[in-house]
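S.K.: Kindly return the folded structure for what I paste below:
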Amino acid sequence: MLDPNQWFSEVVATDGSAFSLKMRARVHEEQTPYQRIEIYDTEGFGHLMVIDGCTMLSTRDNFLYHEMMSHPALFTHAAPRRVCIIGGGDCGTLREVLRHDGVESAVQIDIDERVTRLAERYFPELTEANADPRAQLLFEDGVRWIREAAPASLDLIIVDSTDPVGPAEGLFTRDFFADCERVLAPGGILIQQSESPLYHTQLLRDMHQALREGGFDTTQTLCFPQPIYPSGWWSATMAGKGVALDRFRLEDARAKPFATRYYNAEIHQGALAQPEFLRRALAATD
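M.R.: Residues are numbered from 1 along each chain as shown. Model prediction:
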């Protein structure tokens with residue numbers, strides 16, 4: 001039995017599993033108007049951010065998530081210039097987006113400003129691009145922002161959200177996806193975190209169906225490791241507006257002028273392959 005005074009554990013009761021990190025101390029906790037945020041200092045994973053009892057990111061492994069939430073979609077789009085990030089308050093995805101010189105503007109909309117302020121304190125490496133003149137940080141309702149945005153005004157939408165409960169629940173609906181499709185220009189791409197392929201297969205099926213019903217003509221799920229998330233295996237799902245998602249700018253990815261720790265052209269190519277159980281599950285939504 002793990003001593004709760006020494007370990008932080010996220011229990012997934014529905015799947016009879018848990019993930020634990022040995023901690024030195026809880027260094028911050030607060031209840032915002034939207035959610036409960038805790039920061040732990042762990043022995044092996046650096047700082048750990050927990051929201052409403054669920055692990056969000058750690059110093060050690062966040063690069064896996066942030067790179068896969070950004071670079072596959074950016075290298076799949078023909079020429080992404082106007083990017084919007086819904087959620088993503090820790091700013092790690094924003095940092096990765098702004099590594100692409102062709103991006104002219106990147107607006108990040110997160111409803112809870114405290115996530116960003118705590119990231120600035122405990123994960124400063126993730127917020128280093130916040131002062132980039134191409135970046136704009138807004139703290140408001142992302143669902144409403146997308147609903148009110150002008151048609152064809154964006155090339156790429158990244159939905160970097162928490163689990164589909166509470167403030168993030170509205171980000172997994174057909175109506176939201178329809179608004180995203182309207183706001184994207186022809187050739188535009190949406191990418192959204194889509195939970196664990198192993199634990200949340202039904203959610204993935206529902207997402208693909210809702211994306212198609214929202215007007216997108218192509219969908220593609222990418223899988224990647226994420227040790228601190230339930231099952232240790234995560235996914236991001238892309239949806240395209242008149243664009244093939246199983247092809248990308250291979251030579252540009254190989255010649256990328258910036259360093260990454262996980263993403264490369266071969267990882268991108270490999271992530272397009274799906275395990276047989278997931279392929280069968282998603283076939284009914286095509």
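S.K.: Which parts of the protein are helices?
M.R.: For the chain, helices defined by DSSP state H occupy the ranges 62-68, 71-76, 92-97, 113-122, 142-148, 174-183, 201-213, 250-254, 265-271, 276-283.
S.K.: deepest of those helices, which one?
M.R.: helix 92-97 (a mean of 26; mean count of other Cβ atoms under 10 Å). In this view, the C-beta of every residue, glycine as well, is placed from N, C-alpha and C.
S.K.: Return stretch 59-79 as PDB; C-alpha atoms alone will do.
M.R.: The C-alpha trace of stretch 59-79 is given here as PDB (Å, rounded to 0.1, in the frame of the first residue of the first chain):
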ATOM      1  CA  THR A  59       8.600  18.400 -16.200                       C
ATOM      2  CA  ARG A  60      10.000  15.100 -17.300                       C
ATOM      3  CA  ASP A  61       7.600  13.900 -20.000                       C
ATOM      4  CA  ASN A  62       5.500  16.800 -21.200                       C
ATOM      5  CA  PHE A  63       7.500  17.000 -24.400                       C
ATOM      6  CA  LEU A  64       5.800  13.900 -25.700                       C
ATOM      7  CA  TYR A  65       2.300  15.400 -25.500                       C
ATOM      8  CA  HIS A  66       3.200  19.000 -26.600                       C
ATOM      9  CA  GLU A  67       5.200  17.900 -29.700                       C
ATOM     10  CA  MET A  68       2.600  15.400 -30.800                       C
ATOM     11  CA  MET A  69      -0.200  18.000 -30.300                       C
ATOM     12  CA  SER A  70       1.500  20.400 -32.600                       C
ATOM     13  CA  HIS A  71       4.000  19.200 -35.200                       C
ATOM     14  CA  PRO A  72       2.000  16.500 -36.900                       C
ATOM     15  CA  ALA A  73      -0.800  18.900 -37.800                       C
ATOM     16  CA  LEU A  74       1.600  21.700 -38.700                       C
ATOM     17  CA  PHE A  75       3.500  19.500 -41.100                       C
ATOM     18  CA  THR A  76       0.300  18.100 -42.500                       C
ATOM     19  CA  HIS A  77      -1.100  21.500 -43.400                       C
ATOM     20  CA  ALA A  78       0.200  22.900 -46.700                       C
ATOM     21  CA  ALA A  79       1.200  26.300 -45.200                       C
END
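S.K.: between the helices of the chain, which one is nearest to Pro230?
M.R.: Proximity of the helices of the chain to Pro230 was assessed by Cβ to Cβ; the nearest stretch is helix 201-213, lying at 12.1 Å.
S.K.: closest to Arg26 out of the helices of the chain?
M.R.: Taking Cβ to Cβ as the criterion, helix 113-122 is the member of those that comes nearest to Arg26, at 11.8 Å.
S.K.: Counting by contacts, list what the closest one packs against.
M.R.: strand 17-31, strand 36-42, strand 47-51 (3 or more Cβ pairs under 8 Å, 6 or more residues apart in numbering; DSSP states H and E).
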